[in-house]
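> any chance you could fold what I've pasted below:
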Amino acid sequence: MYFIITIDTEGDNQWSEAGRRNITTDNAKYLPRFQCLCEEDGFKPVYLTSYEMTKDAFFVNFAKSCLRKGTCEIGAHPHGWNCPPPYNLTGDDPHYAPYLMEYPKEVIFNKMEYLKNILENTFETQVVSHRSGRWAFNEDHAKALDSLRFKVDCSVTPYISWAKQLGNPNGHGGTDYTGFPLEPYFVDLDDISKPGDSRLLEIPMTIRKNRLPTMECFYNGLKRGEIKTLGKILLNGQMTWFRPDKTNAREILHLIKRHEDAGGEYLMFMLHSSEFMPGGNPVFVSADDIERLFVDLNMIFESLRQMDVKPVTCSEYYKTVKDNIQRAGA
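Here you go, the predicted model:
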């Protein structure tokens, strides 16, 4: 089974309006610890990089060093509210954080072209992988990526709908991925929920339904009086992302085991770069939280080591998929 690590590499605390209005990139200095952990196991993070990180000298030097060693990949991670060229969609984009897919088609293309060019010039590497900001993706965005010769997108979050999460206050919310495939597929540019004949490979985020909540989850829910929520979990299952959040390490281990037993082709891990920095995000607030994160990462990575997974970047996985298709057609 293949193992892909993706890191949305962006400014500090982009969940907050204050973070979006005054974008800082202090979290870059916290990435080497995670990179060292990955390199110990032969894992290769894909740093899906936002515009502001191209201006951070520490991150640029760090990433170029990793690229020279062949221990990472640089991809694109656009946010509409600050990626050049400027375009004011809502009158106050840092406040509303509109989805890039909500901008006019030509603006989507221009922002993606700008980001791809500045990433390639700054890091002196080809950029072919992409994840949209705020997990939003549509046909206009996909066509822009295809035109710019991106090979991989990893924006799809199976089972998850973002439709109730507004960007543009006059918009329709984020993408509803509830009917999307779980496994990789080449995208139909006229309907991104279906396989097609484009050259753009979608690698969905690893999210799976657990059949039942853990006893710890059930007990804690009872203590909080969340009877309705627990009832929904019992009926529909609980979603587990391959994304540590300080409370779900054991659920992730269960996800990994179930995925292996089901013959899954790959696992995709994700975090944000600012989640390695205390207070750079809403989840890992203190230094103790970061230490807990690294305890969980060591436990998760140990499980993967025992499975003898094959670490790949997004572009390496793309090549594997293409090679398999060619062999199957031979």
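
> residue ranges with poor pLDDT in the protein?
For the chain, the stretches flagged by pLDDT under 70 are 211-237, 330.

> okay, domains of it per the record?
Domain assignment for the chain, taken from automatic domain parsing, gives 2-206+242-329, 209-239.

> please identify the deepest-packed of the ones you listed.
Of those, the one with the most neighbours on average (mean count of other Cβ atoms under 10 Å) is domain 2-206+242-329, at a mean of 18. Placement of C-beta: from N, CA and C, glycine included.

> contacts only, for the closest residue to residue 280 other than its chain neighbours.
Spatial nearest neighbour of residue 280, excluding adjacent residues (Cβ to Cβ, 6 or more residues apart in numbering): residue 274 at 3.6 Å. Applying Cβ atoms under 8 Å, 6 or more residues apart in numbering to residue 274 gives the contacts 10-14, 27, 280-281.

> is residue 10 in contact with residue 79, as I believe?
Yes - counting by Cβ atoms under 8 Å, residue 79 is a contact partner of residue 10 at 6.9 Å.

> quick one: the strands in the stretch 51-200 of the chain?
Assigned by DSSP state E, counting those that start in this stretch, the strands in the stretch 51-200 of the chain fall at 73-76, 129-130, 152-153, 185-188, 191-195.

> distance to residue 94 added to those, as a markdown table?
Formatted as a markdown table, the strands of the stretch 51-200 of the chain follow (distance: least, Cβ to Cβ, whole Å):
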| stretch | distance to residue 94 |
| --- | --- |
| strand 73-76 | 20 |
| strand 129-130 | 22 |
| strand 152-153 | 25 |
| strand 185-188 | 30 |
| strand 191-195 | 27 |
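
> identify whichever of the ones you listed lies nearest to residue 297.
With Cβ to Cβ as the criterion, residue 297 lies closest to strand 73-76 of the strands of the stretch 51-200 of the chain, at 19.2 Å.

> and the closest one, what does it pack onto?
If you count contacts as 3 or more Cβ pairs under 8 Å, 6 or more residues apart in numbering; DSSP states H and E, strand 73-76 packs onto strand 45-49, helix 57-69, helix 105-123, strand 129-130, helix 314-329.

> from the chain's centroid, how far away is it?
Here strand 73-76 is found 11 Å from its chain centre; the criterion is Cα atoms, centre = their mean, to the nearest Å.

> same question for stretch 169-182.
Offset of stretch 169-182 from its chain centre (Cα atoms, centre = their mean): 16 Å.

> does residue 64 really touch residue 123, like I thought?
Yes - using Cβ under 8 Å, residue 64 is in contact with residue 123, at 6.0 Å.

> helix, strand or coil for residue 240?
Secondary structure, DSSP: H, G, I helix; E, B strand; the rest coil: residue 240 is strand.

> going forward, the N-terminal residue is numbered 364.
From this message on, residue numbering opens at 364, which makes the last subject residue 603.

> measure it to residue 618 for me?
5 Å (Cβ to Cβ, to the nearest Å).

> common neighbours of those two, please.
Shared contacts of residue 603 and residue 618 (Cβ under 8 Å, 6+ apart): 571, 573.

> right, and the strands of the stretch 414-563 of the chain - which one's nearest residue 649?
Among those, strand 436-439 comes nearest to residue 649, with 29.8 Å by Cβ to Cβ.

> ok, residue 678 - contacts?
Counting by Cβ under 8 Å, 6+ apart, residue 678 touches 436, 489, 491-492, 514-515.

> rewinding a little: could I get the helices and strands packed on strand 436-439 as a markdown table with distance to residue 539?
Listed next are the helices and strands packed on strand 436-439 as a markdown table, based on distance: least, Cβ to Cβ, whole Å:
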| stretch | distance to residue 539 |
| --- | --- |
| strand 408-412 | 22 |
| helix 420-432 | 34 |
| helix 468-486 | 19 |
| strand 492-493 | 20 |
| helix 677-692 | 24 |
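
> state the distance from residue 614 to residue 479.
Note on residue 614: its distance to residue 479, by Cβ to Cβ, is 36 Å.

> could you pull out the helices for the stretch 464-613 of the chain?
For the stretch 464-613 of the chain, applying DSSP state H, counting those that start in this stretch gives helices covering 468-486, 502-510, 578-587, 590-599, 612-624.

> could you find the closest non-adjacent residue to residue 410?
Nearest one to residue 410, counting by Cβ to Cβ, 6+ apart, is residue 372 at 4.4 Å.

> phi, psi for that neighbour please.
phi -100, psi 100 (degrees, to the nearest 10).

> beta partners for it?
As for beta bridges, residue 372 partners with residue 412 under DSSP bridges.
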